[in-house]
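**Student:** only geometry, no sequence info:
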């Protein structure tokens, strides 16, 4: 008799990362994974290289120095921080620690796919709340959560739409949920946002013992290859996560590079400014050629295409790929007529604009 996994595991469709290759083309432009086109901090690279002298040693299992650096940079208590192999691992650890079969997990309609995977891995029920104009709707989330949701996931800003809700709306969400519901605010793209009504949810994590805020080093810090993330929450939740994570879940090069990256505020500012200009350019250019662009605030744009044969998102994706421009279809998110395009270097943004202008005009 063959071994069978727990019920529901085989129903999971593995997460599919953004493509990296364009058939027949060497050195394509990859704009499919929301990576930082400016690379990473030179200080982080130097720290990474220096750490190679100690690859025979186990890393600090508690990432003490990294947590201290994160706390200093953000005005947070290091004892309320836990680090992980990307924020993805921390989201999965929350599921492992707090979800049981039959529990309800809620997210917004076009929320990050990993939330669904977290629920399915635990045998939990997964519910999506309708969005308004591709933006999370607090009233819809509260209705979907009811009195028995175990976890509510909110990406703010959201991937793949790029939209956000104001801090007052995040607070209204927390205040409207029962104390038995954990609110997880995923702020992977927070450092890119420059909107007056946007704030991090750290203050809510300080006020409530059922709020978790997650962050990543993969975006603004440009350390996607090292898989490094962190979470901030009440000490009771951090204690639980420390009990279920691996004893050395963050490797030594990631710790050293992370410490250097979080302290290099100049690189962060330059990355954010480059993104601000690139985002404005892509919105203006793509909108000007008649394409509908969702007004996001991350490091990417969500572009919608008509259902007209030859002009669909699938057609546009094939057109771009043939020219060595790799973007991200988002049909898996329920948006078959849209593409997500990462903000790249100026020359790469121009290549995408020129190619789509040709596509639209053909």
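**Tutor:** Nice, thanks for sending it over. In this text the structure is predicted, and so the values were computed from the model without any measurement.
**Student:** contacts, neighbours, all on C-alpha from now
**Tutor:** OK.
**Student:** ok, now how distant is the residue positioned nearest the centre of the chain from residue 200?
**Tutor:** The C-alpha lying nearest the average C-alpha coordinate of the chain belongs to residue 188 (C-alpha atoms, centre = their mean; 4.4 Å). Distance of residue 188 to residue 200, given as C-alpha to C-alpha, to the nearest Å: 11 Å.
**Student:** now residue 249
**Tutor:** Relative to residue 200, residue 249 is positioned 26 Å away (criterion: C-alpha to C-alpha).
**Student:** residue ranges for the helices of the stretch 51-200 of the chain, please.
**Tutor:** 64-74, 86-98, 113-121, 138-145, 167-176 (DSSP state H, counting those that start in this stretch).
**Student:** what does the second one contact?
**Tutor:** Contacts to helix 86-98, defined as C-alpha atoms under 8 Å, 6 or more residues apart in numbering, come from residues 83-84, 114-115, 118-119, 121-122, 150, 214-218, 227-231, 240-241, 244-245.
**Student:** quick one: it to helix 113-121, angle?
**Tutor:** Counting by axes from the mean of the first three to the mean of the last three C-alpha atoms, to 10 degrees, helix 86-98 lies at 30 degrees to helix 113-121.
**Student:** quick one: average confidence on helix 86-98?
**Tutor:** The predicted model gives helix 86-98 an average pLDDT of 97.
**Student:** From the chain's centroid, how far away is that helix?
**Tutor:** Distance of helix 86-98 from its chain centroid, counting by C-alpha atoms, centre = their mean, to the nearest Å, is 14 Å.
**Student:** That one: which residues count as buried?
**Tutor:** For helix 86-98, a neighbour-count test (16 or more other C-alpha atoms under 10 Å) marks 86, 87, 88, 89, 90, 91, 92, 93, 94, 95, 96, 98 as buried.
**Student:** How about the shortest one?
**Tutor:** Of the residues in helix 138-145, those with enough neighbours to count as buried (16+ other C-alpha under 10 Å) are 138, 139, 140, 141, 142, 144, 145.
**Student:** residues making contact with that helix?
**Tutor:** By C-alpha under 8 Å, 6+ apart, the residues outside helix 138-145 that reach it are 104-108, 127-131, 152, 169-170, 172-173, 176-177.
**Student:** got the angle between that helix and helix 167-176?
**Tutor:** Helix 138-145 runs at 20 degrees relative to helix 167-176, counting by the same axes, to 10 degrees.
**Student:** Now do helix 138-145: distance to the chain's middle.
**Tutor:** Centre-to-centre, helix 138-145 and its host chain are 22 Å apart (C-alpha atoms, centre = their mean).
**Student:** what is the mean pLDDT for stretch 107-117?
**Tutor:** 97.
**Student:** from now on call the first residue 6
**Tutor:** That works, and once the first residue is 6, the last one we named lands at stretch 112-122.
**Student:** where do the strands sit along this structure?
**Tutor:** In the chain, the segments counted as strands under DSSP state E are 34-35, 86-89, 109-113, 130-134, 154-160, 187-191, 216-221, 234-238, 297-299, 305-309, 330-331, 333-335, 340-347.
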